[in-house]
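Fold the following, please.
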Amino acid sequence: MLRLFSRVRKSSLHVSPLTLQTHKLLLCLPRFSSFYASQQRTPRQQKLKAIEQNKKITEFERKRDWKGLVQYVDETKNEFNDVNWATMFSKLGRMRREARAIKNDKVFNRVRGDFEKRLEDGGMGWLGIREAANVIHAHGVMGIRSKVVFKSLVDDTKRIVEEGDAHTISNCAYALARLGIRGNDFIQTLESEDIVKKLVREGKPQAIANTIWAMATLGNQAPTLARAIDSAEVVMKILYEGKPQEISNTIWAMAKLGHEAPSLTRAIDGKEVVNKMVKEGNPQEIANTIWAMAKLGCKAATLARAIDRDEVASKLVKEGKPQEIANTIWAMATLGNEAPILARAIDSDEVAMKIVRDGKPQAISNTIWAMATLGHEAPILAQAIDSNEVVMKIVKEGNPQHISNTIWAMAKSGYQAPTLARAIDS
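Numbering: from 1, shown residues only. Sure, this is the predicted structure:
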């Protein structure tokens, strides 16, 4: 049987006459049958087979059956083309809740190993541009730091940035940022004039936002891209065609990188954009936007007034995480907006407990600092902070600034904070 297998492998580049008996024997070999069958198909048949396989992969994803999906891929991967591989990774990437289980699955890792072997043997050139970007994006979403995949991205950078569209380029940048892969040559190329022009002229708001967000997350200053974004034409595209998330991510990135972006900040504080943000945006998007405006020194009077309305303040404190609540009230204090409605909503039993129980020391510290800065006494929040459990969290996990800001705020609010004082003295 081994001799027969060897004979067929050698003849794989040209068709040798095989007896019916030999044909049947080959199909009995589980690892060879799909490969052998694929060699007998015409190009059209192979294309139809690939379409059929994609449909089956999609069916598994629709059922949220990731185990069935990876098992199917493991059994049929020898017949996969580039679109099939990209579809597999993309569909699994959408199952974010199951990402950890998928990453640790033996069958998935065997399949992934076979894919990486193909990259090691032939690079990324056998993948189409879009397919390559989809594979890379899925790795970012799933949190898979594959040295082979990202080395292949670097090796194939020229083809991807020159032939790929704005969406393709942004997907690759997004993946690198999600995984915290710094110093990658791919990112450096995105600051060239030609690539920046392609991104801002051809790219939709999501592609532009994801790219500048990736740059900020990786600590790349990206001055060329930032200048291009803060032009009248691009600003209008982002604000009027973009969703709140894309607007928020763009201004957050500009603030993170220290780019003043006068055109963008001025337009964001327009009535129409503000209404879109507070009505359609979630707490994180609203918080990141007002935080960025405050960080850049923009008054943002229209946005601040809109946030300090009952329905918006209620959404922020009920649906928002402690960090989002903290960032919003911190921004209000930094901008000098008293925000009485938001402050009252924060100093309630339910919200105060959420902040001190679920929040990190920075969120707790920033919240009480902002309340004190604005002159809100916040007795419920202050009392919750001065419990043994919360004080230990601040002292053990917080840095000196978190601790000092908390002490200052408690004193400013007229609260003695004996538990916090004892913990610091000891």
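
list the contacts for Glu202?
Taking Cβ atoms under 8 Å, 6 or more residues apart in numbering, we find Glu202 in contact with 165-166. Just so you know, the C-beta spots here come from the backbone N, C-alpha and C atoms, and that holds for glycine as well.

actually Gly140, not the one I wrote
By Cβ under 8 Å, 6+ apart, the neighbours of Gly140 are 174-179.

Now do the strands in the stretch 1-150 of the chain.
With DSSP state E, counting those that start in this stretch as the definition, the stretch 1-150 of the chain shows no strands.

rewinding a little: compare the contacts of Gly140 and tell me which is most surrounded.
Ala175 (27 neighbours; other Cβ atoms under 10 Å).

name the helices or strands packed onto the helix or strand containing that residue?
Ala175 belongs to helix 166-179 when assigned by DSSP states H and E. Helices and strands touching helix 166-179, by 3 or more Cβ pairs under 8 Å, 6 or more residues apart in numbering; DSSP states H and E, are helix 129-142, helix 147-155, helix 157-163, helix 185-189, helix 193-202, helix 205-217.

outside of it, which residues touch it?
Contacts of helix 166-179 (Cβ under 8 Å, 6+ apart): 129-130, 133-134, 136-141, 143-145, 150, 153, 160-161, 184, 186-187, 190, 195, 198-199, 202-204, 206-208, 210-211, 213-215, 217-218.

What segments of the stretch 201-350 of the chain are helices?
Along the stretch 201-350 of the chain, counting by DSSP state H, counting those that start in this stretch, helices occupy 205-217, 223-229, 232-241, 244-257, 262-268, 271-280, 283-295, 301-307, 310-319, 322-335, 340-346, 349-358.

Using CSV, please lay out these together with mean neighbour count, mean pLDDT and distance to Arg64.
Listed next are the helices of the stretch 201-350 of the chain as CSV, based on neighbours: other Cβ atoms under 10 Å; pLDDT from 0 to 100; distance: least, Cβ to Cβ, whole Å:
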stretch, mean neighbour count, mean pLDDT, distance to Arg64
helix 205-217, 24, 98, 25
helix 223-229, 19, 98, 37
helix 232-241, 16, 97, 32
helix 244-257, 24, 98, 24
helix 262-268, 19, 97, 38
helix 271-280, 16, 98, 28
helix 283-295, 24, 98, 25
helix 301-307, 20, 98, 37
helix 310-319, 17, 98, 25
helix 322-335, 24, 98, 29
helix 340-346, 20, 98, 37
helix 349-358, 17, 98, 28
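
Turn those helices into CSV, including distance to Lys77.
Listed next are the helices of the stretch 201-350 of the chain as CSV, based on distance: least, Cβ to Cβ, whole Å:
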stretch, distance to Lys77
helix 205-217, 30
helix 223-229, 38
helix 232-241, 39
helix 244-257, 35
helix 262-268, 46
helix 271-280, 42
helix 283-295, 38
helix 301-307, 51
helix 310-319, 42
helix 322-335, 42
helix 340-346, 53
helix 349-358, 43
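
Nearest to Asn399 among these would be which one?
helix 322-335 (15.2 Å; Cβ to Cβ).

Show me how far the closest one is from its chain's centre.
22 Å (Cα atoms, centre = their mean, to the nearest Å).

ok, now stretch 375-389?
So, by Cα atoms, centre = their mean, the centroid of stretch 375-389 is 34 Å from its chain's centroid.

Name the residues of it that are buried.
Within stretch 375-389, the residues that qualify as buried are 376, 378, 380-382, 384-386, counting by 16 or more other Cβ atoms under 10 Å.

what mean pLDDT does it have?
Confidence for stretch 375-389, expressed as mean pLDDT, is 95.

and what of stretch 86-95?
Mean predicted confidence for stretch 86-95 is 97.

Can you name the residues in contact with it?
54, 57-58, 60-61, 64, 66, 69-70, 73, 80, 99, 102, 108, 111, 127-128, 130-132, 134-135, 137-139, 141-142.

Please check these and keep the buried ones.
By 16+ other Cβ under 10 Å, these give 54, 57, 60-61, 66, 69-70, 73, 80, 99, 102, 108, 111, 127-128, 130-132, 134-135, 137-139, 141-142 as buried.

Distance of the most centrally placed residue in the chain relative to Thr217?
In the chain, the centroid-proximal residue (Cα atoms, centre = their mean) is Arg178; its distance is 5.4 Å. Per Cβ to Cβ, to the nearest Å, Arg178 is found 8 Å from Thr217.

swap in Thr58?
Shown here: Thr58 relative to Thr217, a distance of 31 Å by Cβ to Cβ.

and if you look at Asp310?
Using Cβ to Cβ, Asp310 is found at 34 Å from Thr217.

before we move on, what about Lys55?
For Lys55, the distance to Thr217 - Cβ to Cβ - is 36 Å.

With Gln46 instead?
Plainly put, Gln46 is 40 Å away from Thr217 if you go by Cβ to Cβ.

repeat for Ser192
Between Ser192 and Thr217 the computed distance is 20 Å (Cβ to Cβ).

can you check Ile341 too?
Using Cβ to Cβ, one gets 33 Å for the distance from Ile341 to Thr217.

now Gln323
16 Å.

One more: Gln53?
35 Å.

returning to what we had before: show the average pLDDT along the helix holding Ala175.
The pLDDT scores in helix 166-179 average 97.

That helix versus helix 205-217: what angle between them?
Angle between the axes of helix 166-179 and helix 205-217 is 30 degrees (criterion: axes from the mean of the first three to the mean of the last three Cα atoms, to 10 degrees).

Work out the gap between helix 166-179 and the centre of the chain.
9 Å.

for the chain, longest helix please?
The residue-count maximum for a helix in the chain (DSSP state H) belongs to helix 43-62.

And that one, what's buried?
Neighbour counts using 16+ other Cβ under 10 Å place 49-50, 53-54, 56-57, 60-61 of helix 43-62 among the buried residues.

and if you look at stretch 107-119?
108, 111-112, 115, 118-119.

and if you look at stretch 146-155?
146, 148-150, 152-153.

gap between Glu233 and Ser170?
Taking Cβ to Cβ, one finds Glu233 at 18 Å from Ser170.

correction: Lys77
According to Cβ to Cβ, Lys77 stands 29 Å off from Ser170.

Of those two, which one has the most company?
Ser170 (26 against 20).

tell me the contacts of the residue nearest to Ser314 when sequence neighbours are not counted?
Closest residue to Ser314 apart from its sequence neighbours, by Cβ to Cβ, 6 or more residues apart in numbering: Ala345 at 6.4 Å. Ala345 is in contact with 313-314, 316-317, 351, counting by Cβ under 8 Å, 6+ apart.

pLDDT score assigned to Thr22?
50.
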